[in-house]
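**Q** no FASTA, just this:
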């Protein structure tokens, strides 16, 4: 089960060793994103990444640790999808996405699977509220 969690965005700087960079559409980057999808979801979705990178309403970012891509996310008028190899990175990644919303003066809503306890706990502790239930 999934919910859209929504809040008034705030900048929430969090100290981290993650390096956040815009996604650069190169074969190496796409291979890394597909490997993350395979590891996290059990399948790859290359066509989705091509489509998401062409969406003018969103910007894609990689999250790197020690020069290795360990996650990605798309933020903008519509946030997501996000995939991270380590769920403990969700507070940093969600703070980044929320900060982008605050910077661009737009609301912050994000679809979250309830099984992702780290993300749900993080967002609820920051004052997000569930707006809409949907099947994912």
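**A** It's in. Not measured: the values here are computed from a predicted model.

**Q** which parts of the protein are strands?
**A** 2-7, 19-22, 58-65, 68-76, 82-84, 108-113, 129-134 (DSSP state E).

**Q** the second one packs against which elements?
**A** By that I understand strand 19-22. Secondary-structure packing of strand 19-22 (3 or more Cβ pairs under 8 Å, 6 or more residues apart in numbering; DSSP states H and E): strand 58-65. Yep, even glycine has a C-beta here, placed from its N, CA and C like the rest.

**Q** same check, this time on the fourth one
**A** Using 3+ Cβ pairs under 8 Å, 6+ apart as the contact criterion, the secondary-structure elements in contact with strand 68-76 are helix 27-41, strand 58-65, strand 82-84, helix 90-103.

**Q** to residue 75, which of the ones you listed lies closest?
**A** helix 90-103 (4.6 Å; Cβ to Cβ).

**Q** average pLDDT for the closest one?
**A** For helix 90-103, mean pLDDT is 95.

**Q** likewise stretch 124-136?
**A** Stretch 124-136 comes out at a mean pLDDT of 79.

**Q** then stretch 10-17?
**A** Per-residue scores along stretch 10-17 average to 91.

**Q** residues making contact with that stretch?
**A** 65, 89, 91-92, 95, 98-99, 102-103, 126 (Cβ atoms under 8 Å, 6 or more residues apart in numbering).
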